[in-house]
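*Asks:* take this sequence and fold it.
(chains A, B, C, D, E and F)
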Amino acid sequence: MWNEYSIGLAAAFACALVAFLALVWERDDLHKLLLVDLVETAALAVIALIGTDLSEALILPGLVVGIAELLALSQIYLVKEGYQQHRVKGLNIEVIMRSPATVIIATILAVYGIILSGFTGGAIAGLGIVFLLMSRSFSGDFHVLEMASGISWALWVAAFFVFMFAPEWWYLALMGAAIGILMKVITKMSLVGAMWGDQE
Amino acid sequence: MKKKYALALMLGAAVPGAGAIVLNHLGIIPFWAYAAVLIAGFPLFLLGLGLFWMAREGKADVPFLGY
Amino acid sequence: MNEIGGAPLFFLEFGDIVIYFTPFTLTLFLLALVFSVFVLVSRPERQIDIAFGGDAYYAKEISLSELRFRRFMSIACGLACMGAMVTGDVFDFTLFVSLVGICNVGIVAAVRSRHVQNAAYQYGLVALAGTVPMFAAAAMVAATTGTLSMLELAKGTATVPVAARALLVLGVMGEGMAPFYAAKAEMFRAPGAPYVIMCSLSSLLIFLRVAEVILLI
Amino acid sequence: MNPEFILGFLLLLGGTIASAFPVPKTYLNRLINLEIPGWGLLLLMLSYNEALALLTFGGVSALSVYIFVRVIQKKEATG
Amino acid sequence: MIAELLFATFFGLLLLGIHRKVIARIQRRPGPPVWQEILHMLKFSFKTTWVPATASAALFVGVVLVAIGIWTAALLVILSGGSLLVIFAIYMLHKIVEHGFGLSSGSPYGKFGGVRSVISAASEIPLFVTVAAIAIFTKSLMISDIVAYQEVHGPLLATIPLAAVAMYVVLLSKMPFGPFSIVESKELVSGYKTEHFGVWRAGLEVCNGLKTYVLLMTFILVFIGSLPFWMILVAMILVTVSLSFVCALSPMLSPYDSVTIQTLIAGLMVAYVALLGVMS
Amino acid sequence: MIIQKISRILSNFDNILPVFAAACAAMSLLVILTLPLPYSGDQLYPKQIVPGSSLNPYDRGGPPFTQAVIHSQYPGNSPTAGYVTAYLTPLSLFISEHTLYMGTTIVAHPGGILDEILYNTRGLDTVVEPTILFVAFAVAAYLFRKREA
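*Replies:* Next comes the predicted model:
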């Protein structure tokens, strides 16, 4: 009964085994974080093996949980090691520093993300903005970003309740949810970009 | 805490509790409603009773620094 | 075995994810609610440290911004617990549990003590690693039985593999970490009683719930 | 079982070993090796026609690289 | 119901008094009278009561209410033949009460008691083992069903003795002066209850009485089955005395060792249930 | 004594991740040993591939504003299930009529099978998951900003 699913499962768990074994012997805190990221890949592979539309709907939350916790932990790491104060000047690659190419790439990503909309769109457009903010070493205040993300979260939850309790308005709910989640993901992602430009 | 408030707390917990017992025996309210009233009321009643009955009032302090 | 936590009292349907209350989950839900209310209304205590070798003592104060942030995290943690207690879907449960994990990290991450932050980081790594067996377990349940709903699985028409159950328990252990007690205890040395209690409450609650889940499915 | 599936899993396994035990063991080396299992996962998703998951994974893994590079840079700045 | 509640409180406190007395006699001390714990409870409610200046007031008072409330709920569940899982949930959540007591005052002694209570979280895992073992045999976790099962098949004590041992260890870890009572060992003054004085402490004593009564009652109902009421009370006293013997004759372990031993017991029990599950 | 040795290892929080990782590794090995597992044929939301459709991997049938058939767990709980799947925004309708590459974007566009699952039938998952995102980013933002204060 060695179907495709079982073979895939065996391979995915073999990966998990190797990665966890590496984690057992690792003593360095940052290496541990990198290895935990590696382990996540194996989990995503197990989810992908379901092979239905459901599996995609499960991968998206799985991915988001991973990246969110990664960001929080990396920040805790910097604070606990006292590296928070260290100055890092943008991204030290000549090409994207202050060149129009950055803006073009960022714009392309953002526009593509907005066309995609929804979840994936948020990630892609967010990536574009990260790119832009990174090269421009943005250090504005977060309040606007946080407010926008809070509003979009509320929008999305409202849309969810419309779906559940007034299904005849599904069209409205769909648009609200898609836009809400797009905004939400973009604003959160752009925080990453903003963190880059923290030399001030 | 003033004794007056403690008495009020005690009665406030005891009256609904007694009411719930009666109503449950008459079969007006179901068992779970009675249980909920009792679970919420019994601790309040005990504390109210204790505070009202004999507990003396005192000024707030940091007791473990007294020695 | 439908009578694990008592017969369901009522259902709340959100599409495929059905929230249901049994006497067991209702008890846990109410406790999470009660402690969330405590977090909301109580001010943190001022922890007293005694300097040994003299009569000197000093109280640790918590700054207002730290207080606000930790209160927010504790309430989020309380909400996550409530969700994890009553949800009737395996994957939704794992998501709520990971939310509990990240909230727990957040509650103590704001503390300035280096020692506590170290413990929080180690705990955070375990919490992140714990999501791996949990998601894998949920995915295996979906693939081998074709459903994620606990109510469907409780009917016993499809058997959940033992491996998936074991992985689920292991993942929740990572998030709640009862036997790996060390980091959690170190986190507890942080001041701010109402908030750190939420860490402990949440891990106990998700443990109780996962025990019910693996007996149920 | 199509070629993407097999190749994806081979890459996933190889990449996991490569980034679990990188030689030499530096942060950047490990980070770069992390891309190999990522590619394996992408191929795996491709073999199941999971286009959207693939797209999101691409975006998110790019983001995680930024996060890691930032941490590593800050750490290395200490010298 | 109110009558049962009051009876449970006083009888539970009496059991704790018997516990102290037996330990004292084994150690060749005269010991306090058996109603000492009841007197304690009454005495504390005469004392000056306030909330310490450093404490987190709402939590400080709230945990007392929660402590009594959850055990009242447990008593109701056991009297109405509800789910065993609910009782065990309440038992585990008693930990939170200990943390709340310990941490809410800001006192270092209370804090250490609370921290010790956190690290000994492993002591509860044998409970799940008990639950799982019972579920394998009775196919239900309602106490009424378990009692009915035992009337047909004989006491579970004979069927799954190791599960009974697991629960016995759990009971032991909650009895004062036992090998696992690290949360209230004497170097911490009174552990987590140090700072709750006056009426708050009286409330805690009520909770302790209820807790003892409920846990022993659960043990007897689940492993021996239904008996006449007076027989249950006698059996509870017998179990208490046996617990007192263990407590009197064993030293208190150091905190981490206590936890390790509890974890090892838990691991053994998990293996046992896995075996049971495979065999059934 | 062996017990004291174990307690010494467990009481140091630097060791918990290795201990947990070891447990996970052992469990992964056990899972591999319990294989193979059956793959249930009756899956929710199965994939249907319609070759030649411009919406290729995500063509779930149905013209706009009619209800497509999707296999969800409790169809009774979401009466509009299938509307979202079949809906195309004007822009995506235009793209799908003129190119063959709409398939990579359709689901993320408002309307499509993933929107159906993420927003409608399994909406609570998606509520939880931005909340995780929000909480984690709040932690990061707080720690980041605390430095400035």
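*Asks:* how close does B:Tyr5 sit to chain A?
*Replies:* With the distance defined as C-beta to the nearest C-beta, to the nearest Å, B:Tyr5 ends up 40 Å from chain A. C-betas here are computed from N, CA, C, even on glycine.
*Asks:* flag the shaky bits of chain B, pLDDT-wise.
*Replies:* For chain B, the stretches flagged by pLDDT under 70 are B:1-2, B:54-67.
*Asks:* and the residue nearest the centre of it?
*Replies:* For chain B, B:Phe45 is the residue whose C-alpha lies nearest the centre (C-alpha atoms, centre = their mean; 1.7 Å).
*Asks:* was I right to think D:His68 contacts A:Ser74?
*Replies:* Heads up, residue D:68 is Phe, not His. Yes: contact status for D:Phe68 versus A:Ser74: in contact at 7.3 Å, counting by C-beta atoms under 8 Å.
*Asks:* re the thing from before, in what helix or strand does the residue nearest to the residue nearest to the centre of chain B when sequence neighbours are not counted lie?
*Replies:* Of all residues not flanking B:Phe45 in the chain, B:Ala13 sits nearest, at 3.9 Å (C-beta to C-beta, 6 or more residues apart in numbering or on different chains). Assigned by DSSP states H and E, B:Ala13 falls within helix B:3-26.
*Asks:* please apply the same query to E:Gly17.
*Replies:* Element membership of E:Gly17, judged by DSSP H and E, is helix E:2-26.
*Asks:* now do that helix: which elements does it pack against?
*Replies:* Counting contacts by 3 or more C-beta pairs under 8 Å, 6 or more residues apart in numbering or on different chains; DSSP states H and E, helix E:2-26 packs against helix B:31-53, helix E:36-44, helix E:57-79, helix E:198-223, helix E:229-249.
*Asks:* let's see 10 Å
*Replies:* Under the contact criterion of 3 or more C-beta pairs under 10 Å, 6 or more residues apart in numbering or on different chains; DSSP states H and E, helix E:2-26 touches helix B:3-26, helix B:31-53, helix E:36-44, helix E:57-79, helix E:198-223, helix E:229-249.
*Asks:* need those in a markdown table (columns: distance to A:Ala177).
*Replies:* What follows is the helices and strands packed on helix E:2-26, written out as a markdown table (distance: least, C-beta to C-beta, whole Å):
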| stretch | distance to A:Ala177 |
| --- | --- |
| helix B:3-26 | 44 |
| helix B:31-53 | 37 |
| helix E:36-44 | 57 |
| helix E:57-79 | 38 |
| helix E:198-223 | 47 |
| helix E:229-249 | 58 |
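*Asks:* ok, and does the one helix or strand C:Phe11 maps to reach over to chain B?
*Replies:* Assigned by DSSP H and E, C:Phe11 belongs to strand C:10-14. No: on the criterion C-beta under 10 Å from any C-beta of the partner chain, strand C:10-14 is out of touch with chain B, staying 12.0 Å away.
*Asks:* avg pLDDT for that strand?
*Replies:* What strand C:10-14 shows for mean pLDDT is 81.
*Asks:* and the contacts of it?
*Replies:* Identification of contacts with strand C:10-14 by C-beta atoms under 10 Å, 6 or more residues apart in numbering or on different chains yields A:160-161, A:163-165, C:18-22, C:26, C:86-89, C:92, C:151, F:74, F:76-78, F:120-125, F:127.
*Asks:* list the buried residues in it.
*Replies:* Neighbour counts over strand C:10-14 (16 or more other C-beta atoms under 10 Å in any protein chain shown) mark C:Phe14 as buried.
*Asks:* equivalent analysis for stretch E:245-254, please.
*Replies:* In stretch E:245-254, counting by 16+ other C-beta under 10 Å, buried: E:246-248, E:252-253.
*Asks:* likewise for stretch E:273-280?
*Replies:* Buried positions in stretch E:273-280, judged by neighbour count with 16+ other C-beta under 10 Å: E:273, E:276.
*Asks:* gap between it and the chain center?
*Replies:* How far stretch E:273-280 lies from its chain's middle: 28 Å, per C-alpha atoms, centre = their mean, to the nearest Å.
*Asks:* got it, and stretch C:107-117?
*Replies:* The answer for stretch C:107-117 is 19 Å, by C-alpha atoms, centre = their mean.
*Asks:* and for stretch C:198-209?
*Replies:* Distance, centroid of stretch C:198-209 to centroid of chain: 5 Å (C-alpha atoms, centre = their mean).
*Asks:* for that stretch, what is the average pLDDT?
*Replies:* So the average pLDDT for stretch C:198-209 ends up being 85.
*Asks:* enumerate the residues of chain E near chain F.
*Replies:* Near chain F, when you scan chain E using C-beta under 10 Å from any C-beta, you find E:119, E:122, E:253-261, E:263-264.
*Asks:* show me which of the residues you listed are buried.
*Replies:* E:119, E:122, E:253, E:255-261, E:263.
*Asks:* would you tell me whether the longest helix seen in chain A gets close to chain D?
*Replies:* Selection of the longest helix in chain A by residue count, based on DSSP state H, yields helix A:53-81. Yes: using C-beta under 10 Å from any C-beta, helix A:53-81 comes into contact with chain D via A:53, A:55-60, A:62-64, A:66-68, A:70-71, A:73-75, A:77-78, A:81.
*Asks:* closest one of the buried residues of stretch E:245-254 to chain A?
*Replies:* E:Leu253 (28.6 Å; C-beta to the nearest C-beta).
*Asks:* state the distance from the closest one to chain B.
*Replies:* Distance of E:Leu253 to chain B, computed by C-beta to the nearest C-beta: 26 Å.
*Asks:* using just helix, strand and coil, how would you label that residue?
*Replies:* Following DSSP: H, G, I helix; E, B strand; the rest coil, E:Leu253 is assigned to coil.
*Asks:* who touches it in this structure?
*Replies:* E:178-182, E:185, E:259-262, F:3, F:7.
*Asks:* which one in those residues is the model shakiest on?
*Replies:* When these are compared by pLDDT, E:Ser185 scores lowest at 66.
*Asks:* need the longest helix for chain F.
*Replies:* Longest helix in chain F, counting by DSSP H: helix F:123-146.
*Asks:* what sits closest to the residue of chain A most remote from its centre if chain neighbours are left out?
*Replies:* Within chain A, the residue lying farthest from the chain centre (C-alpha atoms, centre = their mean) is A:Met1, at 37.7 Å. The spatial neighbour of A:Met1 that comes closest, neighbours along the chain excluded (C-beta to C-beta, 6+ apart), is F:Pro36 at 4.9 Å.
*Asks:* where does pLDDT dip in the chain?
*Replies:* In the absence of a named chain, chain A is used. By pLDDT under 70, the low-scoring segments of chain A are A:84-102, A:117-119, A:133-143, A:193-200.
*Asks:* please go with chain F instead
*Replies:* Applying pLDDT under 70 to chain F flags the ranges F:61-65, F:101-111, F:147-149.
*Asks:* rewinding a little: next, see if the longest helix of chain F gets close to chain A.
*Replies:* Yes: judged by C-beta under 10 Å from any C-beta, helix F:123-146 and chain A are in contact via F:123-146.
*Asks:* which among these count as buried?
*Replies:* Buried, going by 16+ other C-beta under 10 Å: F:123-144, F:146, out of those.
*Asks:* got the contact list for residue 45?
*Replies:* In the absence of a named chain, chain A is used. Taking C-beta under 10 Å, 6+ apart, one finds A:8-9, A:11-13, A:15-16, A:59, C:136, C:139, D:8-9, D:12, D:16, D:37, D:40-41, D:44-45 in contact with A:Ala45.
*Asks:* not quite, I wanted chain C
*Replies:* C:59-60, C:62, C:191-194, E:52-57, E:59-60, E:103-107, E:110-111, E:195.
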